[in-house]
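>>> Okay, sequence plus prediction incoming.
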Amino acid sequence: MPMTSLQKMGGALTSVPAINANFEELYADYGIASGNPWATKRYVDGTNGTDTNDGLTPSKSFKTIQAAINASARGDRVLIRPKECNTAAGETDPGSYEENITITAKDGLQLIGIGRGITQGGQPQLKVGATTTDPIITVNSFGVGIHNLSVNGSGATGGGIKLVTSAASSYDAGGLVVSGCHFKNAKGSAAAATGGAIWWSTDGGCWNVDISNCDFHNCRGGIIMPGTGRSIPQDVKIRGCRFYATANTTTDADIYVAADGIIGLVISDCDFGTVDVPAYATSPTAARYISLGAGTAGIIARCTFACITDSTGSEKTFGAAGTGAIFPTTVRMAGCWGEGLVASAHLALVGRT
């Protein structure tokens, strides 16, 4: 592309050194954030930013994510720079944005982490702020996107991302997309019914949710839908995610759906990597990889489970009374695998009991 064209696009490019000097702004403007030409982009730099800035360029970044959200309108994008770890100072955990974030009346807002991959330290990390019993991110708006962020629930019980719908229908977190995120230590309550890494309020609602390509590490509750007080969610997709924990830790349920269930639930191409199922919990329905309440309809397809699934060993079972996963007959299971004690492919195939 001629330099004159770049000048028209970027406004400040006259040479290769200028391209190098402006690379960060170019990447933010024409890389990950280029998908919506109508959106205003605002930048967050927790190390160098100030909340009195306008946030419209990286050099004028906000310091906090909430300040950028407050300044944004519907459909805008908030680009978040990581706080890096300093190994020379003995740090083993990246610097974190310690905030309880609320997204209200910002339909279509996108939070986008600028990082290097789906791992702690490869993305901007969020931890709980002043209120340890509140979620780290509360979504009260429709069509929100949360991408490329790490959410570390250490020291908190409110969970990671909470989807909220109001009884008066004044707001609804339906249409949420969560992609490429890393969740860790979402401990929540003593059972998995509240405070999951991603969880619905007890009003239910919040239809049309897509959770894809995310990691869930040492989370007592991974993806949790504890109630349907307002409406039964529909069209919820959980695709290509990885759930794992130290063996026999206090993991309760990787995916838990209570009450009247979810209609049109798809769980596909996911890995459930905890060795066997921790046997500590008696609630909601004892510890399971997946526990889906009556009324749930959908499919579990092409998933792998780190437990013995043939009858020659200490088998975990799947179905209405399964010890590995509980789900009604209105949920189909196809093409899923576990561990066979004998090196024969068919012995590892997971079937309904």
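Arrived safely, thanks for sending.
>>> Arg81: neighbouring residues, count only.
Per other CB atoms under 10 Å, the neighbour tally for Arg81 reads 21. Heads up, the C-betas are built off the backbone N, CA and C, glycines and all.
>>> quick one, domains of the protein?
17-74, 82-348 (automatic domain parsing).
>>> Give me whichever of those is most buried.
Counting by mean count of other CB atoms under 10 Å, domain 82-348 has the highest mean neighbour count of these, with a mean of 20.
>>> Pipe the domains of the chain into CSV and attach mean pLDDT per row.
Listed next are these as CSV, based on pLDDT from 0 to 100:
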stretch, mean pLDDT
domain 17-74, 79
domain 82-348, 86
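>>> Can you give me the separation between Met225 and Ile290?
To Ile290, Met225 is 12 Å away according to CB to CB, to the nearest Å.
>>> any shared contact partners between these two?
Tyr256 (CB atoms under 8 Å, 6 or more residues apart in numbering).
>>> and Gly227, what is it in contact with?
Taking CB under 8 Å, 6+ apart, we find Gly227 in contact with 200-204, 258-259.
>>> ditto for Cys181
118, 123, 146-151, 214-215.
>>> again, only this time at 10 Å
Listed by CB atoms under 10 Å, 6 or more residues apart in numbering, the contact partners of Cys181 are 111, 113, 118, 123, 126, 146-151, 160-161, 197-198, 211-216, 241.
>>> now Glu98
Contacts of Glu98 (CB under 10 Å, 6+ apart): 46, 64, 83, 125-130, 136, 152, 155.
>>> Let's see that with 7 Å instead.
Going by CB atoms under 7 Å, 6 or more residues apart in numbering, Glu98 touches 127-129.
>>> Ile198 is in contact with Ile161, correct?
Yes - the pair Ile161 / Ile198 is scored as a contact, 4.8 Å apart, by CB atoms under 7 Å.
>>> Overlap of the contact sets of the two?
Joint contacts of Ile161 and Ile198 (CB under 7 Å, 6+ apart) are Val178.
>>> neighbouring contacts of stretch 333-340?
299-310, 318, 347-350, 352.
>>> Start and end of it, how far apart?
18 Å (CA to CA, to the nearest Å).
>>> how far does that stretch sit from the chain's center?
Chain-centre distance of stretch 333-340: 24 Å, with CA atoms, centre = their mean, to the nearest Å.
>>> which one is Lys60 nearest to, not counting chain neighbours?
Nearest non-adjacent residue to Lys60, counting by CB to CB, 6 or more residues apart in numbering: Asn53, 4.3 Å away.
>>> Restrict stretch 140-151 to CA atoms and write it as CSV.
Extracted in CSV, the C-alpha atoms of stretch 140-151 (Å, rounded to 0.1, in the frame of the first residue of the first chain):
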residue,chain,number,x,y,z
ASN,A,140,-26.5,-5.7,32.7
SER,A,141,-26.5,-4.9,28.9
PHE,A,142,-27.5,-6.8,25.8
GLY,A,143,-24.9,-8.0,23.2
VAL,A,144,-21.8,-7.4,25.2
GLY,A,145,-18.5,-9.1,24.2
ILE,A,146,-15.7,-10.0,26.6
HIS,A,147,-12.5,-11.2,24.8
ASN,A,148,-8.9,-12.1,25.6
LEU,A,149,-9.1,-11.4,29.3
SER,A,150,-7.9,-13.3,32.3
VAL,A,151,-10.3,-13.3,35.3
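>>> How far away from the center of its chain is that stretch?
8 Å.
>>> among the contacts of Cys181, which are in strands?
Counting by DSSP state E, the contacts of Cys181 place 111, 113, 126, 146-147, 150-151, 161, 198, 211-212, 215-216 in strands.
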